[in-house]
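Undergrad: Here you go, sequence then predicted model.
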Amino acid sequence: MPPKTYVYVDGFNLYYGAVKDTPYKWLDIRKLCELMLKDHAIHKVKYFTAKVHGHVGDPRAPQRQQIFLRALARRSKFRDRDSYGGKGLRCQPWDPFGP
């Protein structure tokens, strides 16, 4: 039996360190975890990030972040928790062949 695995994602570092300005921005985090941890049963994926604030040079940063987080939540089958603040996003196990 594969070990039950919980994955914690540092969204800020994932975004700015790996996916910003790349075609991989819209990745499916759950699928990535499944591919990287093939011998594990991914039970939950939790995504944590800091909310960005607008400033003079980039007043639309918060809106862009919300668009990114909503798209990420849909693509990775996340459920929104507390508007992505503090508790992050929670991913429930899902059936890829289900609705």
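TA: Structure received. Numbering: from 1, shown residues only.
Undergrad: all helices of this protein, in order?
TA: Ranges of helices within the chain are 11-14, 29-36, 61-75, based on DSSP state H.
Undergrad: Would you mind listing the buried residues in the longest one?
TA: So the one you mean is helix 61-75. Neighbour counts using 16 or more other Cβ atoms under 10 Å place 65, 68-69, 72-73 of helix 61-75 among the buried residues. Every residue, glycine included, has its C-beta placed from N, CA and C.
Undergrad: got any ranges where this structure has weak pLDDT?
TA: The chain contains residues with pLDDT under 70 at 78-99.
Undergrad: K25 versus the residue of it positioned farthest from its centre, what's the distance?
TA: Ranked by distance from the centre of the chain (Cα atoms, centre = their mean), the top residue is V56, with 27.5 Å. Distance, V56 to K25, by Cβ to Cβ, to the nearest Å: 25 Å.
Undergrad: go on, Q66?
TA: 14 Å.
Undergrad: go on, H40?
TA: Applying Cβ to Cβ, the value for H40 to K25 is 25 Å.
Undergrad: before we move on, what about L37?
TA: In this view, L37 and K25 are 22 Å apart by Cβ to Cβ.
Undergrad: Repeat that for C33.
TA: Going from C33 to K25 by Cβ to Cβ gives 17 Å.
Undergrad: more neighbours, these two?
TA: Shown here are C33 and K25; by other Cβ atoms under 10 Å, C33 has more neighbours (18 against 13).
Undergrad: Double-check that one against Y6; I have them as touching.
TA: No. With contact defined as Cβ atoms under 8 Å, C33 and Y6 do not form a contacting pair (10.1 Å).
Undergrad: shared neighbours, the two?
TA: Counting by Cβ atoms under 8 Å, 6 or more residues apart in numbering, the shared contacts of C33 and Y6 are V45.
Undergrad: for the protein, what spans make up the strands?
TA: For the chain, the strands defined by DSSP state E cover 4-10, 41-48, 78-79, 89-91.
Undergrad: Can you work out which other helices and strands pack against the second one?
TA: So that's strand 41-48. Under the contact definition 3 or more Cβ pairs under 8 Å, 6 or more residues apart in numbering; DSSP states H and E, strand 41-48 sits against strand 4-10, helix 29-36, strand 89-91.
Undergrad: Great, nothing more from me.
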